[in-house]
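In: Following is a predicted model, sequence given first.
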Amino acid sequence: MSIYNSTNQTHVLSLNTERPDQATFICLSCGNRDNADSNAAKVLKKRLIHYIKENAFAKSKTRKSIVKRKKKLADRTDTSIKTRDKESAVLTL
């Protein structure tokens, strides 16, 4: 994901650029002149926002699904406690 960040132009992600020195970035398409690190940060920000918006990340769970899962876990815990109580009652007899 970090490839070409310092050579892409921020607005159109054009590779028609020039870097006369390490710190300077010039877009030959539109004439934009910027600090190379600043431009790379802007390009990376733009790419990451696009990546997040295309549903690459898990969607948040609804409250209903969270409550359902908690109830399911509580039921499992209650069942295991009842089973342990029955086993201990059998052992004491």
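Out: Structure's in. What do you need? Residues are numbered from 1 along each chain as shown.
In: lowest-pLDDT helix or strand in this structure?
Out: helix 63-92 (a mean of 69; mean pLDDT, DSSP states H and E).
In: Phe25: how many residues sit nearby?
Out: By the criterion of other C-beta atoms under 10 Å, Phe25 has 25 neighbours. Where you see a C-beta, it was placed from the backbone N, CA and C, and this is true even at glycine.
In: Could you report the separation of it from Thr62?
Out: 44 Å (C-beta to C-beta, to the nearest Å).
In: Would you map out the domains in the chain?
Out: Domain assignment for the chain by automatic domain parsing gives 1-59, 60-93.
In: host element of Lys45?
Out: helix 36-53 (DSSP states H and E).
In: Wait, Asn16 touches Cys30, no?
Out: No: counting by C-beta atoms under 8 Å, Asn16 stays clear of Cys30, with 9.2 Å between them.
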